[in-house]
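> here is my input, please return the structure:
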Amino acid sequence: MKPLVSIIAVNYNGQKVTSEMIDSIRNNSYSNIEIIVVDNASKISPKAYLNENYKEVKVIESSKNLGFAGGNNLGIKESNGDYLFFLNNDAELTNGAIESMLELFEQVPKLGIVSPKICFYKTGSDKKSDPYSPDILQYVGSTEVHNLTARNRTIGYLESDLGQYQTAKPTAYAHGAAMMVSRSVIEKVGMMPEAFFLYYEELDWCEQIRRIGFEIYIQPKAKVYHKESWSVKKTSGLKTFYINRNRILFMRRNRHIWQMIGFCLFFLFLTVPKNTIVFLLKGDFLNIQAFYKSIFWNIKDRLHQNRNNLKPRKQPNNPSKSLKLQLDKIDI
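Residues are numbered from 1 along each chain as shown. This is a model prediction of the structure:
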């Protein structure tokens, strides 16, 4: 029998793209699936619409915005699949993608998590102007987060997809827009880390998965199209806050003390002055405020740990209670 695959997507004010995502799943050849949509407290709930038009979909409503990890974790609790495929609601699946990823689990005994090749979605105008132009890549793997800069590189980003990436191989991190993991791995490592709320959660999860002896792969035979930045604008204060907050938090959770000292010096003397000057020149005081709030959030959380005698672990796994930060509690 074909294994059951649970496809889990989190919706936040994106009923239209969520519907397009489900349509793409309907057009996929793999039949033994269940589709779970978790609504993260959208202004208008999509449940009635989805129940009427997509009866095969299980819709779960959250009373508050739990973020990317929290929303997906709700889906995990309601899922029954042997494999769980986390798919952004602003992504579209191509035919054969599920089969290609499942095939890799059979070939690699210690495979923990795999992502497909991800391409940027072409809009209607792009398709009309040049329908035969190659796809533009967003992701075909990534490098490790650097111990000093806390940055990494996405392989293939903005390259034309000319068939240069065809072989499945290990990579540092899966991509949160589309990643498949076996239930047995989740039972060993736990669900997604909710400490991050938005951004970096899949990187942290991959660190934990690798730490217990599993491998992370990219499978270019599988392809997904991604309509990036649907719910969060590229220049928003929200994105600035969470990317910088979680960049620091990721290092705190996954790096040794001496690596943290090097990163803190780099961040203090290079990152802080650079970002401050850039935002000031643009007159972007909203993002300046968000950037500094991200720093002070980590300082306050570290002090909270010290007050509770929580000694840092060499390879910490669990967030402190103060990390349960919700979107509706932030003013940026």
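
> who touches stretch 99-117?
Residues from elsewhere that reach stretch 99-117 (CB atoms under 8 Å, 6 or more residues apart in numbering): 3, 5, 29-30, 83, 85, 97, 137, 139-140, 156, 161, 165, 168, 171, 174-175, 178-182, 185, 189, 205-206, 209-210, 213-224. Quick note: C-beta positions are derived from backbone N, CA and C, even for glycine.

> which of those residues are buried? Put it as a ChimeraX command.
Of the contacts of stretch 99-117, the buried ones can be selected in ChimeraX as follows, counting by 16 or more other CB atoms under 10 Å:
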select :3,5,30,83,85,97,137,139,140,156,161,165,168,171,174,175,178,179,180,181,182,185,189,205,206,209,210,214,216,217,218,219,220,221,222,223,224
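
> what is the neighbour count of residue 122?
Neighbours of residue 122 under the rule other CB atoms under 10 Å: 17.

> state the distance from it to residue 245.
33 Å (CB to CB, to the nearest Å).

> ok, now residue 70?
16 Å.

> equivalent analysis for residue 17, please.
Residue 17 is 26 Å from residue 245, by CB to CB.

> repeat that for residue 298.
Distance of residue 298 to residue 245, computed by CB to CB: 7 Å.

> hey, where'd the strands end up in the stretch 101-250 of the chain?
111-120, 137-139, 169-170, 178-182, 215-226 (DSSP state E, counting those that start in this stretch).

> one step back: quick one, which of residue 17 and residue 245 is more surrounded?
Taking neighbours as other CB under 10 Å, residue 17 and residue 245 compare with residue 245 leading, 26 against 20.

> that one touches residue 292, doesn't it?
No - with contact defined as CB atoms under 8 Å, residue 245 does not reach residue 292; the gap is 10.7 Å.

> in this protein, which residue is most central in space?
Centroid-nearest residue in the chain, with CA atoms, centre = their mean: residue 176, separated by 2.7 Å.

> excluding sequence neighbours, find me the nearest residue to that residue.
Nearest residue to residue 176, sequence neighbours excluded (CB to CB, 6 or more residues apart in numbering): residue 202, at 3.9 Å.

> what residues are up against the one you found?
Residue 202 makes contacts with 173, 174, 175, 176, 179, 192, as judged by CB under 8 Å, 6+ apart.

> so where's this protein shaky on pLDDT?
124-131, 229-235, 307-332 (pLDDT under 70).

> how does it divide into domains?
Taking automatic domain parsing as the criterion, the chain consists of the domains 5-226, 237-329.

> how far away is residue 31 from residue 80?
For residue 31, the distance to residue 80 - CB to CB - is 15 Å.

> so which of those two has more stuff around it?
In terms of neighbours (other CB under 10 Å), residue 80 is the more surrounded of residue 31 and residue 80; the figures are 11 against 8.

> any idea how far stretch 243-256 is from the chain center?
From the chain centre to the centre of stretch 243-256 is a distance of 15 Å (CA atoms, centre = their mean, to the nearest Å).

> contacts made by that stretch with the rest, please.
Contacts of stretch 243-256 (CB under 8 Å, 6+ apart): 145, 147, 150, 193, 195-201, 203-204, 207, 259-260, 263, 267, 275, 290-291, 293-295, 297-298, 301-302, 312, 314-317, 319, 323.

> which other helices and strands does the longest helix along the chain contact?
Looking only at the chain and at elements set by DSSP state H, the helix with the highest residue count is helix 285-307. Applying 3 or more CB pairs under 8 Å, 6 or more residues apart in numbering; DSSP states H and E, we find helix 285-307 packed against helix 237-254, helix 272-282.
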